[in-house]
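1. Please find the sequence and the predicted model below.
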Amino acid sequence: MRKIQKHEGVIAKYKKYLPVTAKTPIITLNEGNTPLIYAGYLSGIIGRGFEVYLKYEGLNPTGSFKDRGMTMAISKACEERSNAVMCASTGNTSASAAAYAVRAGLKCIVLIPKGAIALGKLSQALIHGAVVLAVDGNFDAALDLVKDITAKYPITLVNSLNPYRIEGQKTASFEICDSLGEAPEFQVMPVGNAGNITAYWKGYKEYKKEGKIGSLPKMLGFQAKGAAPIVRGYPVINPKTIATAIRIGNPASWRQAEDARDESGGLIDMVSDNEIITAYKLLAAKEGVFVEPASAASIAGLLKLCRRGFFKKIKVAKAKNKKIVCILTGHGLKDPDRAIESIKEPKVVKPKLEAILREIGY
Ligand code: AN7
């Protein structure tokens, strides 16, 4: 008999809040239930009693938050008797779609921007047997093609335009509230195609309506400077950033991201590649958490706001809830090349005791 496990994925856990019925086949890799880690170093930087927490979404089964949405999208595709799914991807969506499609026995087709996705992600889509096509263009062009094809042929689109993706992804906000016993004051996150900020905001609003939380967080989103259409107010034709996951010039959920920002009293700002790399290294060196560059945009954003005195302007006496949750969307091992480029490669030494002792100072 199949052994019952403590956590059987986000659909089993949050069924009540999701569009599933007894007839929905649940396709899962036991995603979700990711740790919310207290960040002592960052809390010290912000100061004034603020507590910074890291929601480490890189610990999902395929190494990113996409699994929360993919369990829903693939389960519903099965329920609707689809036999193929398709997405455009900067990498993580394709890795997740490929893995969940295997479990469901569905064909998976992914379009990736040629030469612009991290090695770990490409290896995942390939090893899970997806049909991977590298388009000689950027993510936005690939997504337009996927929209066209899935509108004309019996293939289910599993980008975040698929509403079930958003439904699944909102479970991360439930987990945060369940862990803290309340909503945080601020939530900081990267913004690319803007599905995730849309999902979190939807989740928080639903939990508030249910009476699970008394207040809503302010949503603080960060785009990469070279790919910041929402900040600039117009699509970026040729987006550029080392954070390839969020190299997106015309986000599908643009309006919903603006709604989350405005309804919550938050902001969407941008961070440079230098700021992203600094935050990426700091997180690894000071908190022991390894993320991919796009995820470090959260921390780069937090530090940028801190430098500008943003948190000093918050009235401490009034703010009894001083929790800041930063979403770390993807694992550092997704993009090992970037880690090695950012730090020195290991020094080569002779296989001799004295040589090693000299290097380590003993
Ligand atoms: C690590 O995989 O768009 O704002 O095709 O992989 O919801 O798009 C990935 C996006 C942040 C941005 N962090 O989230 C894709 C894709 C990581 C990501 C984002 C992505 P959205």
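-> Here it is on my side, so go on. Please read these numbers as outputs of a predicted model, since none were measured by experiment.
2. which residues touch the nearest residue to Leu145 once chain neighbours are set aside?
-> Of all residues not flanking Leu145 in the chain, Leu111 sits nearest, at 6.1 Å (C-beta to C-beta, 6 or more residues apart in numbering). In this view, the C-beta of every residue, glycine as well, is placed from N, C-alpha and C. Counting by C-beta atoms under 8 Å, 6 or more residues apart in numbering, Leu111 touches Met86, Cys87, Ala88, Ser89, Leu133, Ala134, Val135, Ala142, Leu145, Val146.
3. Pull the distance from whichever helix or strand the last one is part of to the chain's centre.
-> Okay, so that is Val146. In this assignment (DSSP states H and E), Val146 forms part of helix 139-152. Per C-alpha atoms, centre = their mean, to the nearest Å, the displacement of helix 139-152 from the mean C-alpha position of its chain is 22 Å.
4. Over to stretch 105-124?
-> Mean-position distance between stretch 105-124 and its chain equals 16 Å (C-alpha atoms, centre = their mean).
5. next one: stretch 46-65
-> Put simply, stretch 46-65 sits 10 Å off its chain's centre (C-alpha atoms, centre = their mean).
6. ok, and for that stretch, which residues are buried?
-> Residues of stretch 46-65 classed as buried: 46, 50-65 (neighbour count, 16 or more other C-beta atoms under 10 Å).
7. tell me the mean pLDDT for that stretch?
-> Averaged across stretch 46-65, the pLDDT comes to 97.
8. What confidence value was assigned to Ile4?
-> 63.
9. List the buried residues for the lowest-mean-pLDDT helix or strand in the chain?
-> Scoring the helices and strands of the chain by mean pLDDT, DSSP states H and E places helix 336-342 at the bottom, with a mean of 94. Going by neighbour count (16+ other C-beta under 10 Å), the buried part of helix 336-342 is Arg338, Ala339.
10. now swap in stretch 207-223 and tell me
-> For stretch 207-223, by 16+ other C-beta under 10 Å, it's Tyr207, Lys212, Ile213, Leu216, Pro217, Lys218, Met219, Leu220, Gly221, Phe222, Gln223.
11. What's the separation between Val158 and the ligand?
-> Using C-beta to the nearest ligand atom, to the nearest Å, we find Val158 at a distance of 10 Å from the ligand.
12. and if you look at Lys347?
-> From Lys347 to the ligand the distance is 31 Å (C-beta to the nearest ligand atom).
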